[in-house]
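Student: next input, structure requested:
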Amino acid sequence: MPTIAWWNNHRFEISPSVIRGFSNLQVKGTCETTDKTDRQEKYQTFKNTQPAEISLTAHLDARLGCNVWREAIDYVIEARWGKSDYFYVYENGQYAKIFAIKMMLTSAAVSNVVIAPTGKWIAADVALTMKACKVSDNNNLQSSSGGGGGGSGYKKSSVKSTSTTTTKDLHPGLRAALSNSNSASTQSRAGASAGVLSNANKNIASNKAAAKKTTTTKTTTTKSYGGGRR
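Tutor: Numbering: from 1, shown residues only. Here you go, the predicted model:
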């Protein structure tokens, strides 16, 4: 399980070639409220939901295989242009989205930069903030499993992972079409099974008829000796 999380081709992983970790992961949900007063008692009522939020600090170190300057600046550029993607984490043997909605990188702040005498960036921390950038279906942000392997923006390797796709993650129209397709496939298999069963029944009936004919012949033979029909 080398990849522990990823977002927009940025992989947080532990492997023989690179260690790219993070800390201070926070998942936040808030709402906007309205102040109300009743019998001199103040309370609040719901007004609007606020975007779901994910924040963390990425740790980059050239001694652990990271291209510190390039990766740090990539985060900054992506935050300036509001790049978005699902945020995946490794959970229970598979990769799952923290939220079933894409998260936009709204802030990337580089700090604790260590520069070698040669000018090479040796280490740096990048504080990342991501916020939900679309309206959720029925205000449901429940996490969902599955998703393809996260590619890396810094290597041409790919992540091999087992993905699980369920129909609950599909668009309602696509889910209905898939359901009809499965139903038609089931009916087709049932029809094929019925055909096989019909042929089997015909063979059984034919064998029974042959057996009955043989028995009748034997009965006629025994009747000549005075015995009753058996």
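Student: contacting residues for K83?
Tutor: By CB atoms under 8 Å, 6 or more residues apart in numbering, the residues touching K83 are N8, M104, L105. Quick note: C-beta positions are derived from backbone N, CA and C, even for glycine.
Student: show me what the one helix or strand the second one maps to is packed up against.
Tutor: What it means is M104. When elements are assigned from DSSP states H and E, M104 belongs to strand 103-115. On a contact count with 3 or more CB pairs under 8 Å, 6 or more residues apart in numbering; DSSP states H and E, strand 103-115 meets helix 68-80, strand 84-85, strand 121-132.
Student: quick one, which of those is nearest to P51?
Tutor: For P51, the closest of the helices and strands packed on strand 103-115 is strand 121-132, at 4.2 Å, according to CB to CB.
Student: taking strand 103-115 as reference, get the angle to that closest one.
Tutor: Angle, strand 121-132 to strand 103-115, by axes from the mean of the first three to the mean of the last three CA atoms, to 10 degrees: 160 degrees.
Student: show me what strand 121-132 is packed up against.
Tutor: Checking 3+ CB pairs under 8 Å, 6+ apart, strand 121-132 ends up next to strand 53-61, helix 68-80, strand 103-115.
Student: can we see that at 10 Å?
Tutor: Here strand 121-132 touches strand 19-28, strand 53-61, helix 68-80, strand 84-85, strand 103-115, going by 3 or more CB pairs under 10 Å, 6 or more residues apart in numbering; DSSP states H and E.
Student: reformat those as a markdown table; add mean pLDDT, distance to K42 and mean neighbour count.
Tutor: Listed next are those as a markdown table, based on pLDDT from 0 to 100; distance: least, CB to CB, whole Å; neighbours: other CB atoms under 10 Å:
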| stretch | mean pLDDT | distance to K42 | mean neighbour count |
| --- | --- | --- | --- |
| strand 19-28 | 96 | 25 | 14 |
| strand 53-61 | 98 | 27 | 20 |
| helix 68-80 | 98 | 38 | 18 |
| strand 84-85 | 96 | 38 | 20 |
| strand 103-115 | 98 | 32 | 17 |
